[in-house]
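1. pasting the sequence and the predicted coordinates here, then a few questions.
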Amino acid sequence: MVSNSRWPWLVVAVPLLAAVLFPLLLNRPADVASVVVYCAHDSVFADTILRDFEQRTGIRVDVRYDEESNKSLGLTSLLLKEQGTPRCDVFWNNQTLGTIRLQKAGLLQPCEERVFARIPRQFRDPEHHWCGFSGRLRVWIVNTDLQDCSADVVASRLQSQDLSRVSIAIPLFGTTLTHYTELCHELGLAGLQEWHASLHQRGIREARGNGAVRDLVAEGVCELGLTDTDDVFAAIDARKPVDMLPYRLPGGRTICIPNTVAMIRSCPHPREALALIEFLLSEETERRLAESPARQIPLGPIAAESLPEDVQRLLPWAADSTNPAQAADMDSVCLEWLTGLYNQSPAVNRP
């Protein structure tokens with residue numbers, strides 16, 4: 001027992017401390033809700049959306065972005081490594097094939113169908129493991145100072161025996177890998193190999209990525225190249241003399257590559273993850289991505305006349321697109337062949 005004569009200050013101090021601290025303890029907020037996001041979409045576009053979600057909901061967003069230098073592995077490989085003890089709640093991918101790889105590995109948690117209902121079935125998993133939104137198209141970027149931007153002119157140019165002024169990205173990763181996988185699905189592996197060999201025999205110029213393809217064409221080093229719509233818009237905004245045409249597969253369809261979002265199985269914060277997924281699949285988010293410099297194409301219903309003119313132009317092309325999941329069975333076949341090919345072949349016509 002404490003003697004009042006020995007520590008007289010305690011007689012006053014303890015009641016005062018209790019009077020101050022007890023109400024604070026009663027009103028102490030619970031742990032702040034949070035969600036962990038692995039995001040392969042460009043941070044310059046994704047971060048404002050994630051921070052807006054954070055501000056509106058009070059759910060803290062911890063985000064890890066992909067590394068441009070590591071696209072061949074990226075966040076898909078990291079999620080596979082972490083599958084025993086998942087840290088991530090939501091995977092925001094910038095394409096479909098890597099997401100489907102995770103689904104096949106059993107890493108994705110299915111959501112209720114209502115969460116995906118706004119998006120057309122063509123762009124979502126029938127078992128509700130992942131859903132697409134806000135797509136890009138594979139397109140020809142054309143330097144209009146060097147040639148006309150017309151389908152006939154481009155087709156004629158591609159029949160030339162000299163393709164040294166035509167560019168394509170190395171197809172080991174990103175949307176060029178998706179492009180090759182779509183061709184593999186349509187032509188078969190032998191047909192894809194023949195197509196690839198023909199391009200290289202005629203001297204097509206390989207670049208390290210879609211942005212490099214864009215720059216080669218924008219600066220007039222190449223006349224045309226294969227890239228994505230967001231890269232073309234970056235060149236247009238920089239006032240480069242470029243325009244675009246949709247790339248069409250031999251069967252006539254276009255290639256639309258949506259963002260995808262999925263919840264990781266056994267993730268630490270499933271409630272918060274679901275809230276973020278619903279936010280990303282909303283009309284508001286698709287509209288914001290359409291109005292961004294990337295001009296991504298909404299997949300869910302939005303009045304066309306309310307969209308930027310640049311995006312309105314893309315809507316008919318996107319309507320002709322393939323189902324991005326149908327080629328997924330050829331993903332591993334295509335990647336295995338390409339990995340072997342590029343590991344044993346010297347660089348050819350690469351800037």
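-> Sure, I can see it. Numbering: from 1, shown residues only.
2. only C-alpha atoms from now on, for both contacts and neighbour counts.
-> OK.
3. show me where the protein has strands.
-> 34-39, 60-65, 90-93, 108-109, 131-143, 166-169, 205-207, 224-228, 242-246, 256-264 (DSSP state E).
4. now do the contacts for His179.
-> By Cα atoms under 8 Å, 6 or more residues apart in numbering, His179 lies in contact with Arg138, Ile255.
5. what's the distance between the residue nearest to the spatial centre of the chain and Phe133?
-> The centre of the chain sits closest to Asn94, judged by Cα atoms, centre = their mean, with a distance of 0.7 Å. The gap separating Asn94 from Phe133 is 10 Å, by Cα to Cα, to the nearest Å.
6. again with Asn93
-> 10 Å.
7. again with Leu172
-> From Leu172 to Phe133 the distance is 24 Å (Cα to Cα).
8. out of these two, which sits in the busier spot?
-> Between Leu172 and Phe133, Phe133 has the larger neighbour count (other Cα atoms under 10 Å), namely 30 against 21.
9. show me what contacts that one?
-> Ile119, Phe123, Pro258, Asn259, Thr260, Leu281, Glu286, Pro298, Leu299, Gly300.
10. among the residues you listed, which two are most distant?
-> The two members of the contacts of Phe133 with the most space between them (Cα to Cα) are Phe123 and Glu286, at 13.9 Å.
11. which stretches in the stretch 251-351 of the chain count as helices?
-> Remark: helices assigned in the stretch 251-351 of the chain by DSSP state H, counting those that start in this stretch are 270-280, 283-291, 309-319, 331-344.
12. now those as JSON lines including mean pLDDT?
-> Below are these laid out as JSON lines (pLDDT from 0 to 100):
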{"stretch": "helix 270-280", "mean pLDDT": "98"}
{"stretch": "helix 283-291", "mean pLDDT": "97"}
{"stretch": "helix 309-319", "mean pLDDT": "96"}
{"stretch": "helix 331-344", "mean pLDDT": "92"}
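13. so which of the ones you listed gets nearest Gly74?
-> Nearest to Gly74, of the helices of the stretch 251-351 of the chain and by Cα to Cα, is helix 331-344 at 14.8 Å.
14. got the buried residues for the closest one?
-> Buried residues in helix 331-344, defined by neighbour count with 16 or more other Cα atoms under 10 Å: Asp331, Cys334, Leu335, Leu338.
15. show the contacting residues for the second one.
-> To tie it back to what came earlier, the one meant is Cys334. Counted by Cα under 8 Å, 6+ apart, Cys334 has contacts Tyr180, Thr181, Cys184, Leu189.
16. quick one, which of the helices of the stretch 251-351 of the chain is nearest to Val115?
-> helix 270-280 (6.1 Å).
17. who does the closest one touch, helix- and strand-wise?
-> When contacts are defined as 3 or more Cα pairs under 8 Å, 6 or more residues apart in numbering; DSSP states H and E, helix 270-280 packs onto strand 34-39, strand 90-93, helix 113-116, strand 256-264.
18. and of these, who's closest to Asp66?
-> The nearest among the helices and strands packed on helix 270-280, by Cα to Cα, is strand 34-39 at 6.3 Å.
19. direction included, what does that closest one pair against?
-> Strand pairing for strand 34-39, determined by DSSP bridges: strand 60-65 (parallel), strand 90-93 (parallel).
20. comparing those, which stretch has the densest surroundings?
-> strand 90-93 (a mean of 26; mean count of other Cα atoms under 10 Å).
21. hmm, who's touching that one?
-> Contacts for strand 90-93 (Cα under 8 Å, 6+ apart): 35-41, 99, 259-264, 273, 276-277.
22. how about a cut-off of 7 Å?
-> 36-41, 99, 259-264, 273 (Cα atoms under 7 Å, 6 or more residues apart in numbering).
23. now that strand: average pLDDT?
-> For strand 90-93, mean pLDDT rounds to 96.
24. can you check stretch 34-48 too?
-> 93.
25. could you list the buried residues of that stretch?
-> Ser34, Val35, Val36, Val37, Tyr38, Cys39, Ala40, His41, Ala46, Asp47.
26. next one: stretch 276-288
-> For stretch 276-288, by 16+ other Cα under 10 Å, it's Leu276, Ile277, Phe279, Leu280, Leu281, Ser282, Glu283, Thr285, Glu286, Arg287, Arg288.
27. excluding chain neighbours, what is closest to the first one?
-> Going back to what we said before, that points to Leu276. Nearest residue to Leu276 in three dimensions, chain neighbours excluded: Phe53, at 7.3 Å (Cα to Cα, 6 or more residues apart in numbering).
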